[in-house]
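A.B. asks: Need a 3D model of the sequence below.
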Amino acid sequence: MIEATIESVRLSLMTPNLMVVILKERGGKRRLPVFVGRPEGDAIVLHLNGEQPHRPMTHDLAANLLRSLGVQLDHVVIADLRGDYYYAQLVCHSPGDEVFTLDARPSDAMALAVRAGCPIYVDEDVMEVAGVVPEPEQSEAVNDEEDLGAFEDFLRSLDLEDLDKSDD
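C.D. replies: Residues are numbered from 1 along each chain as shown. Model prediction:
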């Protein structure tokens with residue numbers, strides 16, 4: 001298993017009602033994009049930003065239930081990828097220190113993990129199949145030169161001789 005941290009949570013550019021959670025491999029370069037529903041993404045962001053709603057949200061309620069029952073959320077695992085769907089597990093300890101797992105959606109697992117302050121892991125096979133290594137960013141100077149080159153081409157295509165003549 002690979003430990004991962006939530007690097008960012010962003011709105012999906014492809015689908016407005018989805019968000020994407022970017023998990024970053026701890027000590028590595030790979031990222032795992034996990035698309036989540038807008039409410040779940042907002043719940044993760046809200047907690048990461050330290051904001052407290054006036055009333056408990058669903059994930060707050062679930063975390064409170066686990067705590068009140070004496071169950072400790074040890075860690076969560078993005079455990080499988082089938083088709084386009086990730087599968088996650090909550091790994092918990094009962095009051096008698098028995099370890100058990102619960103099936104969960106990755107969005108719910110991550111929302112609970114941030115509330116419990118527990119680690120998030122990704123199965124190596126999942127990271128191998130769906131993980132990406134971002135391309136090194138080009139320097140801004142190169143991008144600026146490319147942008148200026150296109151702008152210079154545009155300027156050369158204009159007929160500027162008539163600009164200083166006014167219509168009388």
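A.B. asks: so what's Ala104 closest to, chain neighbours aside?
C.D. replies: Ala88 (4.8 Å; Cβ to Cβ, 6 or more residues apart in numbering). Where C-beta positions appear, they are placed from N, C-alpha and C, glycine not excepted.
A.B. asks: distance of the one you found from Gly96?
C.D. replies: According to Cβ to Cβ, to the nearest Å, Ala88 stands 24 Å off from Gly96.
A.B. asks: between those two, which one's more packed in?
C.D. replies: In this view Ala88 and Gly96 are compared by other Cβ atoms under 10 Å, and Ala88 has more residues nearby, 27 against 6.
A.B. asks: export the helix or strand encompassing the more buried one as CSV, just CAs?
C.D. replies: Here Ala88, judged by DSSP states H and E, is contained in strand 85-93. Extracted in CSV, the C-alpha atoms of strand 85-93 (Å, rounded to 0.1, in the frame of the first residue of the first chain):
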residue,chain,number,x,y,z
TYR,A,85,-15.2,3.0,-10.3
TYR,A,86,-12.8,3.1,-7.3
TYR,A,87,-13.7,1.0,-4.3
ALA,A,88,-12.5,2.0,-0.8
GLN,A,89,-12.4,0.4,2.6
LEU,A,90,-12.5,1.8,6.1
VAL,A,91,-10.1,-0.1,8.4
CYS,A,92,-11.4,0.2,12.0
HIS,A,93,-10.6,-1.1,15.5
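A.B. asks: helices or strands up against that strand?
C.D. replies: When contacts are defined as 3 or more Cβ pairs under 8 Å, 6 or more residues apart in numbering; DSSP states H and E, strand 85-93 sits against strand 72-82, strand 99-104, helix 106-116.
A.B. asks: buried stuff in that strand?
C.D. replies: Within strand 85-93, the residues scored as buried using 16 or more other Cβ atoms under 10 Å are Tyr86, Tyr87, Ala88, Gln89, Leu90, Val91, Cys92.
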